[in-house]
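Student: Provided below are the primary sequence and the corresponding predicted coordinates.
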Amino acid sequence: MERLGGLIGPSGWEIQTVGAQSSPYAMAWLRYPVPMTAVPAFDAAQATWMQSGCVSVMVASRTDANRPVIGASFGCRISADRCGVTIFLGAATNSELIASMQSQRAIAVVITESATTRSIQLKASDAALVALAPGDQERVRAYVGALAQTWALAGQPIDWTQTLLDPDADEIIAVQFSPYIAFDQAPGPGAGTVLSERT
Amino acid sequence: MTAGADSIRECLEGVVPSVVATCSAEGVPNVCYLSQIEYVDAEHVALSFQFFNKTRANVLANPYAVAMVVEPETAAAYRLHLHYLRTETSGPVFERMKAKLASIASATGMSAVFRLQGSDIYRVDRIERAPGRERVRVPRRARLPALRACSDALSRANDLDALFQTLLASLAEHFGIQHAMVLVLDQPGERFFAVASRGYGNSGIGAEIPVGMGAVGIAAARKVAVRVAFANAEYAYVRAIRDRAAQDPAWARRLENEIPAPGLLNPHSQLAVPLEVGDAVLGVLYVESAEILRFTYEDEDALVALCRQVALAMRVLDADEDRVPPRNPPLLAPSESAGPALVIKHFASNDSIFLGDDYLIKGVAGAIFRKLVRAFVNERRCDFVNRELRLDKGLGLPELADNLESRLVLLQRRLAERDQGVRLEKTGRGRFRLSVERRLELVELP
């Protein structure tokens, strides 16, 4: 993981500065070190489709008052060891979601492949704002382009998808987490079956 | 008036799947796709409950949910902040959702797994437009002026046949609805008959449609408008009738002998609206299209309002007018013309009528026609009043909501289609005439 600030806070917490300097998110964010899990919650084949441009990625957290908050991500990036997942959110569109994750760090993400309806839900308790890695802006654009093509096959106009998910209309920020559990979310009575759980 | 759930109804059509987030009492968030969110009213929506899942467990413990929905045309995204209230397992909302879910399931190949267990009713606390761009909306034909134009036309109809024809013509003219029919209940809980149709190769007037099939059946039984936006075999009654005939030889024989039901074999959009007056359902207006998503919430609003007027007019136009004496003494039939007689066969077992070898009608309308022909042949009477039919218990008219006038419209249309020199003509409210151009011979058969 990239560390931009590199400052060490009280009790060993890291303080990172993330994002562009002009951004309201270019602030110091007190955060816990991300506890990387030794065992990934999903396999390599799953990681492949989860990172493709054929999936929708929906994100939830909770407020301090334990109310749910929701948003849509511009795809995701998965670390080589599959223990870290990074999602990309429009900052203005998802201000409450981002604030809630900053405060509570709880996150649930459902990744669904449109064509097959295979779907996986990941949960973590260590969501943290991180800097965009080199190539992330291009990754986000490629994701939207691929998704627009995928949904066009189902009859949705390309400009519709580009309007719904416009990476140029908002500042993109990255949130990283390490899932402690994964569920099969394919529609049907089996939805919610645990695929993998970190003990 | 603040913008409520009615301002985002189009987002709930199921074009773009909706997503809902909840939290457990312990604060673990959950996010999942929903099969369906149903608009209930400006302050309430209902979420489909198919399986006991995490969302459901969460809202039972912590009643807050937030759904993300997207406008199918503009791509504007909204967050609906919701509060769970209760679960309904019957009633109009449940039935509507069941019908819609089946259509969504069929469209997505999920018929086997999508079965509604309940409708979870939520209060809408707040609707938030998620910041973002939106596409320009293509202007649509406004529904209120169309509704008004239809209503104006209907108010000028002075008999039931004109009412039905005006309804179908004005739906085509003002709403662009090309395939439509009026189905009237024959015996409550048993079957409908088609009394008017437009846009089909065969008119299907007189076709019998069993109650309980498809969108039409649900609309009548549950007194709810049923609108489905995607192709769905379960709710396409023409297909359902054919499927049943394929399994049941007795049904197949019946269908061969009788009038084929009008209707598109594979409708992609359907809207069935009950014709209700007071507590009684008189029938159903059914419209359909080969296009997906042809009928919107606003079409449904407009047609429901229009059907209230139609049902009330049906009741008024069906009223007896026995207090006003006929202006002229009853007309006797003209002397029989020469030439071969038209043999009219009546089968007592089901009151079916054949003109020569051609099937005409059966059931109550068949019994009425037999009565008229007997009076014509034996007494040379050709003028009749509705009242005498209502008093004849042998005809099998239901006690309540007998739809007598609709049955006469049906008979009138069927005789006109057969064109055998026997017609039925309206001579005033509650009055009609059997107009006969040839000799009649009534043959009674078991």
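Tutor: Structure's in. What do you need?
Student: C-alpha from now on. contacts and neighbour counts both.
Tutor: Noted.
Student: buried residues in stretch B:294-310?
Tutor: Neighbour-count burial for stretch B:294-310 flags B:294-296, B:299-300, B:302-304, B:306-310 (criterion: 16 or more other C-alpha atoms under 10 Å in any protein chain shown).
Student: Name the residues that touch that stretch?
Tutor: B:9-10, B:143-144, B:147, B:150-151, B:154, B:163, B:225, B:227, B:229, B:269-271, B:273-277, B:285 (C-alpha atoms under 8 Å, 6 or more residues apart in numbering or on different chains).
Student: For it, what is the distance to the chain centroid?
Tutor: 12 Å (C-alpha atoms, centre = their mean, to the nearest Å).
Student: likewise stretch B:413-427?
Tutor: 26 Å.
Student: How about stretch B:424-436?
Tutor: 28 Å.
Student: before we move on, back to that, possible to save the buried residues of stretch B:294-310 as CSV with secondary structure and pLDDT?
Tutor: Output for the buried residues of stretch B:294-310, formatted as CSV (DSSP: H, G, I helix; E, B strand; the rest coil; pLDDT from 0 to 100):
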residue, secondary structure, pLDDT
B:Arg294, coil, 88
B:Phe295, coil, 91
B:Thr296, coil, 88
B:Asp299, helix, 95
B:Glu300, helix, 94
B:Ala302, helix, 97
B:Leu303, helix, 98
B:Val304, helix, 97
B:Leu306, helix, 97
B:Cys307, helix, 97
B:Arg308, helix, 96
B:Gln309, helix, 97
B:Val310, helix, 97
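Student: Which one of the residues you listed is nearest to chain A?
Tutor: B:Arg294 (15.3 Å; C-alpha to the nearest C-alpha).
Student: Just the element for A:Ala152, please.
Tutor: helix A:136-153 (DSSP states H and E).
Student: can that helix be found next to chain B?
Tutor: No: residues of helix A:136-153 are not located near chain B by C-alpha under 8 Å from any C-alpha of the partner chain, the shortest gap being 10.4 Å.
Student: and that helix, what other elements does it pack with?
Tutor: With contacts defined as 3 or more C-alpha pairs under 8 Å, 6 or more residues apart in numbering or on different chains; DSSP states H and E, the packing partners of helix A:136-153 are helix A:158-164.
Student: which other residues reach the helix it packs on?
Tutor: In this structure, residues lying in contact with helix A:158-164 by C-alpha under 8 Å, 6+ apart are A:144-145, A:147-149, A:151-152, B:73-77, B:132-135.
Student: Okay, and the beta partners of the residue nearest in space to the middle of chain A?
Tutor: Taking C-alpha atoms, centre = their mean, the centroid of chain A lies closest to A:Ile87, which sits 2.2 Å from it. A:Ile87 has these beta-bridge partners by DSSP bridges: A:Cys76, A:Val175.
Student: Next, the contact list for it, please.
Tutor: Here A:Ile87 is in contact with A:73-77, A:174-176 (C-alpha under 8 Å, 6+ apart).
Student: re the thing from before, could you flag which of the contacts of stretch B:294-310 are buried?
Tutor: Buried among the contacts of stretch B:294-310 by 16+ other C-alpha under 10 Å: B:9-10, B:143, B:147, B:150-151, B:154, B:163, B:225, B:227, B:229, B:269-271, B:273-277, B:285.
Student: Strands - which of these land there?
Tutor: Secondary structure from DSSP state E places B:227, B:269-271, B:273-277, B:285 of the buried ones among the contacts of stretch B:294-310 in strands.
Student: can you list the residues you listed in CSV and add distance to B:Gly430 and pLDDT?
Tutor: Output for those, formatted as CSV (distance: C-alpha to C-alpha, whole Å; pLDDT from 0 to 100):
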residue, distance to B:Gly430, pLDDT
B:Arg227, 35, 86
B:Ser269, 38, 87
B:Gln270, 34, 89
B:Leu271, 32, 93
B:Val273, 27, 95
B:Pro274, 24, 94
B:Leu275, 21, 95
B:Glu276, 21, 93
B:Val277, 19, 92
B:Leu285, 24, 97
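Student: now for those, which pair is the farthest apart?
Tutor: Longest distance between any two of those is 26.0 Å, between B:Ser269 and B:Val277; criterion C-alpha to C-alpha.
Student: Report the separation between the closest residue to A:Arg105 other than its chain neighbours and B:Tyr33.
Tutor: In space, and not counting its chain neighbours, A:Arg105 is closest to A:Ala127: 4.7 Å by C-alpha to C-alpha, 6 or more residues apart in numbering or on different chains. A:Ala127 is 22 Å from B:Tyr33, where distance means C-alpha to C-alpha, to the nearest Å.
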